[in-house]
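Engineer: Compute the structure for the input listed below.
(one chain, ligands or ions: 1)
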Amino acid sequence: MSFETLNLHESLTRALTAAGYAAPTDVQAAAIPPALAGQDLMVSSRTGSGKTASFMLPALTRVLASRLAAVKTRGPRVLVLTPTRELAMQVAKAASDYGRYVPGLRVATVVGGVPYGAQLAALRGPLDILIATPGRLIDHLGSGKAMLGNIEMLVLDEADRMLDMGFIDDIKHIAQATPAQRQTVMYSATFAGHVGRLAGELLREPQRIEVSSQTEAHGDIEQRLHWADDFAHKNALLDHILTERSVDQALVFTSTQRDADWLADRLHEMGHKVASLHGGMPQGRRNRVLQGLRSQHLRVLVATDVAARGIDVPTISHVINFGLPMKEEDYVHRIGRTGRAGRTGLAVTLAERRDSGMIHRIQRYTTQRIPMATIEGLEPKRAEPRPAPAPGLPYGAKPGARPAGKGFGPRPGGKPFKPAGKTYSKAGPRPAR
Ligand code: AMP
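Structural biologist: Residues are numbered from 1 along each chain as shown. Next up, the predicted model:
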């Protein structure tokens with residue numbers, strides 16, 4: 001299935017292309033058509049399945065319809081309730097991402113733990129989509145500041161969690177403040193017990209959608225860690241891996257945009273079909289690069305974390321971490337770009353000694369050791385760093401602390417790596433900053 005068959009407005013499909021999405025996920029394919037038709041839905045699907053877009057695209061379609069009809073109302077048309085502030089922020093980001101080409105889209109969040117002032121200002125102004133946690137929204141309703149009389153679509157995201165957190169009365173109260181003829185869409189891992197009863201109260205002839213297998217489901221991802229003695233050794237390892245026959249397509253991550261361009265140039269000179277992808281490139285070029293990857297004109301893509309978020313190309317057989325991520329959770333996002341659509345994938349991390357602090361944090365975050373590997377003739381000469389303090393990084397440093405080495409950075413005195421009995425194409429110096 002493609003996004004075209006969903007008949008979404010052109011401004012939405014454009015945003016999806018910009019995000020790099022090739023096709024709808026299972027929950028999107030199942031939920032978007034009935035949601036567009038105005039049906040109430042009870043949807044079960046896991047986080048990571050693309051569920052946010054499955055309600056946000058229909059929500060944005062409503063906003064677009066009102067723009068075209070030039071209807072002016074006060075108060076939002078769409079209300080999304082989420083259990084936590086973090087989820088509300090994620091949903092708001094999805095609204096702005098998918099709605100980036102919707103003219104003058106106005107999205108506001110109303111969540112606990114932040115001052116009332118800005119929220120009140122947002123609630124007073126014209127608004128399309130309101131994303132809120134139930135507790136704080138109740139406060140604003142009580143003071144008469146939140147207007148819910150024009151709500152056309154109510155979304156309850158992670159309803160089971162909201163009920164676990166004791167929000168049942170708040171949710172009922174909020175729903176009562178919205179028009180009875182609204183569309184209601186409810187997402188929950190389960191619809192047993194009290195969640196099911198709430199659904200019975202709030203939804204009208206809902207369609208039940210259950211997506212157990214996700215398109216996002218990962219096949220087996222094998223992980224390997226290669227220690228490199230220095231930058232030249234790391235390049236030699238990369239070059240060796242890229243010549244392996246088992247590489248259908250490789251996604252190579254660098255820490256910075258500059259590194260991505262530099263490495264893509266170097267690999268291009270070596271004869272690889274390669275391009276770089278990062279946020280500093282114009283959107284048109286980014287789209288063409290992604291197209292080149294999908295059509296297999298490119299075999300190697302050198303990318304930064306942000307640019308690679310939306311990449312869903314099942315033929316990526318290898319993810320190679322050439323520069324480590326800045327945050328340990330990005331490691332998980334990165335390796336998830338392979339092993340798509342049930343295939344197997346290989347995630348290779350090339351680390352220098354100064355990266356040992358980040359490797360340690362990644363392993364702690366994933367609660368897994370990344371198995372070490374070597375390549376014959378390219379074995380490291382220096383002993384494996386202990387899973388311990390990298391220079392300047394205390395053992396057990398707080399997540400988010402800056403890793404000891406980021407990007408290439410000039411390293412004075414770094415000598416080219418010369419393994420015994422093996423020659424390799426010279427990587428050249430690290431790119432200057
Ligand atoms: P969600 O389940 O909504 O939290 O989405 C999980 C991740 O999947 C997010 O990073 C989305 O950007 C991404 N995503 C959503 N829809 C698609 C799609 N059709 N193709 C590829 N990635 C997607």
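Engineer: Where do the strands of this structure begin and end?
Structural biologist: Assigned by DSSP state E, the chain shows strands spanning 41-44, 78-81, 107-110, 129-132, 153-156, 183-187, 207-210, 221-228, 249-253, 274-277, 300-303, 316-321, 345-352.
Engineer: how about the ones you listed, which one is nearest the ligand?
Structural biologist: Closest approach to the ligand among the strands of the chain (CB to the nearest ligand atom): strand 183-187, 9.8 Å. Bear in mind the C-beta positions are built from the backbone N, C-alpha and C, glycine included.
Engineer: Could you check stretch 183-194 and say which residues are buried?
Structural biologist: Across stretch 183-194, burial judged by 16 or more other CB atoms under 10 Å covers 183-188, 191.
Engineer: now do the same end-to-end measure for that stretch.
Structural biologist: 21 Å (CA to CA, to the nearest Å).
Engineer: Of the buried residues of stretch 183-194, which ones also sit close to the ligand?
Structural biologist: For the ligand, no contacts are drawn from the buried residues of stretch 183-194 by CB under 6 Å from any ligand atom.
Engineer: Turn these into a markdown table, including pLDDT and distance to Val63.
Structural biologist: Putting those into a markdown table (pLDDT from 0 to 100; distance: CB to CB, whole Å) gives the following:
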| residue | pLDDT | distance to Val63 |
| --- | --- | --- |
| Gln183 | 98 | 13 |
| Thr184 | 98 | 17 |
| Val185 | 98 | 15 |
| Met186 | 97 | 20 |
| Tyr187 | 95 | 20 |
| Ser188 | 89 | 25 |
| Phe191 | 87 | 28 |
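Engineer: so can I have a markdown table of the strands of the chain showing distance to Asp239?
Structural biologist: As requested, those are arranged in a markdown table below (distance: least, CB to CB, whole Å):
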| stretch | distance to Asp239 |
| --- | --- |
| strand 41-44 | 46 |
| strand 78-81 | 48 |
| strand 107-110 | 46 |
| strand 129-132 | 47 |
| strand 153-156 | 49 |
| strand 183-187 | 46 |
| strand 207-210 | 47 |
| strand 221-228 | 12 |
| strand 249-253 | 11 |
| strand 274-277 | 12 |
| strand 300-303 | 11 |
| strand 316-321 | 11 |
| strand 345-352 | 11 |
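Engineer: ok, the closest residue to Arg340 other than its chain neighbours - how many residues close by?
Structural biologist: Spatial nearest neighbour of Arg340, excluding adjacent residues (CB to CB, 6 or more residues apart in numbering): Pro314 at 4.4 Å. Neighbourhood size, Pro314 [other CB atoms under 10 Å]: 18.
Engineer: roughly how far apart are Pro314 and the ligand?
Structural biologist: 11 Å (CB to the nearest ligand atom, to the nearest Å).
Engineer: cool, and Asp170?
Structural biologist: 24 Å.
Engineer: what's the helix or strand bottoming out on mean pLDDT in the chain packed up against?
Structural biologist: Least confident helix or strand of the chain, by mean pLDDT, DSSP states H and E, is helix 305-308 with a mean of 74. Packing partners of helix 305-308 (3 or more CB pairs under 8 Å, 6 or more residues apart in numbering; DSSP states H and E): strand 249-253, helix 328-335.
Engineer: Please tabulate those in a markdown table and include mean pLDDT, distance to Arg294 and mean neighbour count as additional columns.
Structural biologist: Shown next, in a markdown table, are those (pLDDT from 0 to 100; distance: least, CB to CB, whole Å; neighbours: other CB atoms under 10 Å):
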| stretch | mean pLDDT | distance to Arg294 | mean neighbour count |
| --- | --- | --- | --- |
| strand 249-253 | 96 | 10 | 25 |
| helix 328-335 | 83 | 19 | 19 |
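Engineer: which residues touch the residue of the stretch 201-350 of the chain found nearest the ligand?
Structural biologist: Per CB to the nearest ligand atom, Asp312 is where the stretch 201-350 of the chain lies closest to the ligand, at 3.9 Å. For Asp312, the contacting residues are 20-23, 337, 340, by CB atoms under 8 Å, 6 or more residues apart in numbering.
Engineer: Model confidence score at the residue nearest to Arg340, please.
Structural biologist: pLDDT, Pro314: 80.
Engineer: Gly104 versus that one, what's the distance?
Structural biologist: Distance of Pro314 to Gly104, computed by CB to CB, to the nearest Å: 37 Å.
Engineer: same question, Val114
Structural biologist: In this view, Val114 and Gly104 are 24 Å apart by CB to CB.
Engineer: neighbour count winner among those two?
Structural biologist: The residue with more neighbours, out of Val114 and Gly104 and counting by other CB under 10 Å, is Val114; that gives 12 against 8.
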